[in-house]
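give the three-dimensional model of this entry:
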Amino acid sequence: MKILLVEDDRTIASGLEYSLQQDQFETVLCYDAASAKQIIQEQLHTIDLCLFDLSLPDGSGYELCKLVKASSDTPVIFLTAIDDEVNVVMGLDMGADDYITKPFRIRELLSRIRSVLRRYHKLSTTKTTIDLNSIQINTLEGKVYKQGEEIVLTALEYRLLLIFANHVGQVLSRNQLLERIWDVAGDFVNDNTLTVYIKRLREKIEDNPHKPTIIKTVRGLGYKVGD
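From the prediction side, this is the model:
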């Protein structure tokens, strides 16, 4: 699945692009309307969904949405800091499929993306799961189960677990983990906070948190899941 992401804030764009790629989406990133229009004209047939920031330095998500809908039925979701009924209605009347206001949680955005893709029959309704020993991650539902029982995780705990699940067999340093759990909502995660989150995650998924078998510590290097 390929997503066209148009966002002029480079920090937000970088975090979004990384999170989408971690969730197995291919991304095409543009920082302004001009470059986005070129992609739409040349590559729209390869794009499965568009994420448009509403306010751009050289235009708006509205005009990009018009351009997309004029030539295809590609779904569009608006990203914006403007939260009022007039703009919501105008965007939806224009053909947008959804509208999410900043700041937002990555899990909420991913859930909306999957919902829109399912409506367009672009995404299989078959559950996508990742198994880690006795832990099962349902990425479509954003839920985690241990031996069939649901485990309630916070947004950052879930993202941390997904990072480990997508890098089975690899050693991830603390710095690599800190870079990957940046939050679009602006939550700051420092080294001490990371320690707390790993401890809480182990308490929820490990049979014996003091002797972890899923998230293992590699002394002096970082953490590792699997062989």
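
need the pLDDT of residue 184.
Predicted confidence (pLDDT) at residue 184: the value is 45.

number the chain from 57, please
I'll keep to 57 as the first residue from here, and by that count the last item is residue 240.

can you give me the helices for this structure?
Shown for the chain, the helices assigned by DSSP state H span residues 66-78, 89-99, 117-127, 141-149, 162-175, 211-221, 230-236, 247-261.

next one: stretch 250-262 to chain centre, how far?
Centre-to-centre, stretch 250-262 and its host chain are 21 Å apart (CA atoms, centre = their mean, to the nearest Å).

hmm, who's touching that stretch?
188, 191, 200, 202, 207, 209-210, 212-213, 216-217, 230, 233-234, 237, 245, 265, 268-271, 279 (CB atoms under 8 Å, 6 or more residues apart in numbering). All C-beta atoms are positioned from the backbone trio N, CA, C, and that covers glycine.

one step back: can you flag the weakest of the helices of the chain by average pLDDT?
helix 141-149 (a mean of 71).

how is the protein partitioned into domains?
With domains defined by automatic domain parsing, the chain comprises 58-175, 208-281.

could I get these as a markdown table with distance to residue 196?
A markdown table is the format used below for the domains of the chain (distance: least, CB to CB, whole Å):
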| stretch | distance to residue 196 |
| --- | --- |
| domain 58-175 | 6 |
| domain 208-281 | 13 |
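
from those, which stretch is densest packed?
Comparing the domains of the chain on average neighbours per residue, with mean count of other CB atoms under 10 Å, the densest one is domain 58-175 at a mean of 17.

so how far does that domain reach from one end to the other?
Length of domain 58-175, first residue to last, CA to CA, to the nearest Å: 16 Å.

so how far is it off the chain centroid?
On CA atoms, centre = their mean, the centre of domain 58-175 falls 13 Å from that of its chain.

can you get me a residue count around the nearest residue to residue 203 once chain neighbours are set aside?
Nearest non-adjacent residue to residue 203, counting by CB to CB, 6 or more residues apart in numbering: residue 190, 5.1 Å away. Applying other CB atoms under 10 Å, we find 14 residues neighbouring residue 190.

how near is residue 190 to residue 82?
31 Å (CB to CB, to the nearest Å).

likewise for residue 261?
With CB to CB as the criterion, residue 261 and residue 82 are 29 Å apart.

swap in residue 197?
Taking CB to CB, one finds residue 197 at 22 Å from residue 82.

repeat that for residue 112.
22 Å.

next: residue 173.
Distance from residue 173 to residue 82, by CB to CB: 13 Å.
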